[in-house]
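Participant: A structural model of the following input is requested.
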Amino acid sequence: MTEIAVIQEAFPLEIREEIKSLLTKFDIETMHSTKGFEKAVVGEGIIDIPSRIYYRPPYSLNDSKFTQTEKEILNCIFSRHSDGYIRQKAILNIISSDKEWTIPYVMRIIGEYVIEILIDINKHFERINKSNLVLFIQQNPAFYNRIHSRVGSYWDCYYRYQFPEKLKGIKVPEEQRYVGFQLLDKIDRTISL
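Facilitator: This next block holds a predicted model:
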């Protein structure tokens, strides 16, 4: 798959014109081809979220030469970057978006291991469009279950001793739990409303 196709397949058909416009303003420079994708239903279609990209980012993901939609597309793509600092900036730029196609990117990164990014998402959770979040999870229950599993796996592998679930047999207070679990609790409360 070409890198242009990677970007096109990562978003719904209805924004293909915006993607074409973006690609006239942004040159894809990469040393590695994108491999690995995760499918998700968005609206009436299916998108392929890249596992990791290796593109050289533009000087600014919020450059004024890009339209608002183009900025959101760029930030979604760069939320999949191999550099965690770039992922962190990108996710903070889309967390408040009202576009339903940004939610899979926020959800995908919740199922990852960089705790600083999870802390940022948790801190800004109230900015996430809740109706888009609920709709996405309703349309993608297997995707959400994988995110649940990944959060538990990363906690077990990297954070179990730093954030135990119980101390001397007593469940730890919510604010002292691993941030991935805090996020899942917030999401579960949101979808049960």
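Participant: who does the lowest-mean-pLDDT helix or strand in the chain pair up with?
Facilitator: For the chain, using mean pLDDT, DSSP states H and E, the weakest element among its helices and strands is strand 166-167, scoring a mean of 74. Strand 166-167 pairs in its sheet with strand 170-171 (antiparallel), by DSSP bridges.
Participant: what's next to the next helix or strand after the partner strand, contact-wise?
Facilitator: Following strand 170-171 in sequence order, the next helix or strand is helix 179-192 (DSSP states H and E). With contact meaning Cβ atoms under 8 Å, 6 or more residues apart in numbering, helix 179-192 is reached by 110, 115, 118-119, 121-122, 125, 130, 133-134, 137-138, 144, 147-148, 151-152, 154-155, 159, 165, 174-175. All C-beta spots, glycine's among them, are computed from the backbone N, C-alpha and C.
Participant: Helices of this protein, residue ranges please.
Facilitator: Taking DSSP state H as the test, the helices found in the chain are 3-9, 16-25, 68-78, 84-94, 103-110, 115-123, 130-139, 141-154, 179-192.
Participant: just these: most buried one?
Facilitator: Of all these, helix 103-110 has the most neighbours on average by mean count of other Cβ atoms under 10 Å, namely a mean of 24.
Participant: now for that one, which elements pack on it?
Facilitator: The contact analysis (3 or more Cβ pairs under 8 Å, 6 or more residues apart in numbering; DSSP states H and E) places helix 103-110 against strand 37-42, strand 45-50, helix 84-94, helix 115-123, helix 130-139, helix 141-154, helix 179-192.
Participant: rewinding a little: now do the least confident helix or strand of the chain: everything it contacts.
Facilitator: residue 172.
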